[in-house]
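In: 3D, please:
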Amino acid sequence: MVPLRIPSRWMISKNNFIEISTDEYTDDTYEHVLELDEDILQIVSQDNKRILDLGWYPSFNPNGQYKIMLVELVDVEHQAEKWDSPLFTCSSKSVSVIKDTIEYILQEVVEGRL
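Out: Purely as a prediction, here's the structure:
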């Protein structure tokens with residue numbers, strides 16, 4: 001797993017974010033192809049009404065890349081989200097860029113800037 005610094009009061013609801021070299025992903029023979037789908041990581045802050053979601057788009061495609069979305073949680077009780085209007089997005093093939101961006105976003109939310 002990719003080590004992440006996650007501030008308190010965030011809950012991980014899914015984590016399949018592993019340390020891999022996406023530069024080696026050129027075809028279906030890549031050993032981690034099944035880990036590169038739309039559902040890699042999801043972290044929720046009900047206090048701040050935010051969901052951070054990480055996926056690989058398009059799924060199982062060597063031409064894809066990681067995509068982070070931060071969305072507003074508009075109904076905490078029913079987990080209703082605003083996926084059509086994200087508060088923040090970022091895409092990259094680099095695990096380290098994505099890791100650093102996730103940690104930045106989480107801290108920005110905690111400090112009330114996102």
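
In: burial measure for the closest residue to Glu72 other than its chain neighbours, as a count.
Out: In this structure, Glu72 finds its nearest non-sequential neighbour in Lys82, 4.6 Å apart by Cβ to Cβ, 6 or more residues apart in numbering. C-beta coordinates here come from the backbone N, C-alpha and C atoms, glycine included. Around Lys82 there are 13 other residues, counting by other Cβ atoms under 10 Å.

In: Contacts only, for Lys82.
Out: For Lys82, the contact set (Cβ atoms under 8 Å, 6 or more residues apart in numbering) comprises Val71, Glu72, Val74.

In: pLDDT and secondary structure added to those residues, as a markdown table?
Out: As requested, those are arranged in a markdown table below (pLDDT from 0 to 100; DSSP: H, G, I helix; E, B strand; the rest coil):
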| residue | pLDDT | secondary structure |
| --- | --- | --- |
| Val71 | 96 | strand |
| Glu72 | 93 | strand |
| Val74 | 83 | strand |
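
In: what about Gln107, is that helix, strand or coil?
Out: helix (DSSP: H, G, I helix; E, B strand; the rest coil).

In: Now do the SS call for the nearest residue to it once chain neighbours are set aside.
Out: Of all residues beyond its chain neighbours, the one nearest Gln107 is Pro7 (6.3 Å), with distances taken as Cβ to Cβ, 6+ apart. Counting by three-state DSSP, the backbone at Pro7 sits in coil.

In: What about Pro7, how many residues nearby?
Out: Every residue meeting other Cβ under 10 Å relative to Pro7 is counted, giving 14.

In: State the distance from it to Gly64.
Out: Counting by Cβ to Cβ, to the nearest Å, the gap from Pro7 to Gly64 is 29 Å.

In: what does Gln107 give?
Out: 27 Å.

In: now Val95
Out: Distance from Val95 to Gly64, counting by Cβ to Cβ: 14 Å.

In: returning to that earlier point: so how do I select the buried members of the contacts of Lys82 in PyMOL?
Out: Listed next is the PyMOL selection for buried residues among these, using 16 or more other Cβ atoms under 10 Å:
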select buried, resi 71
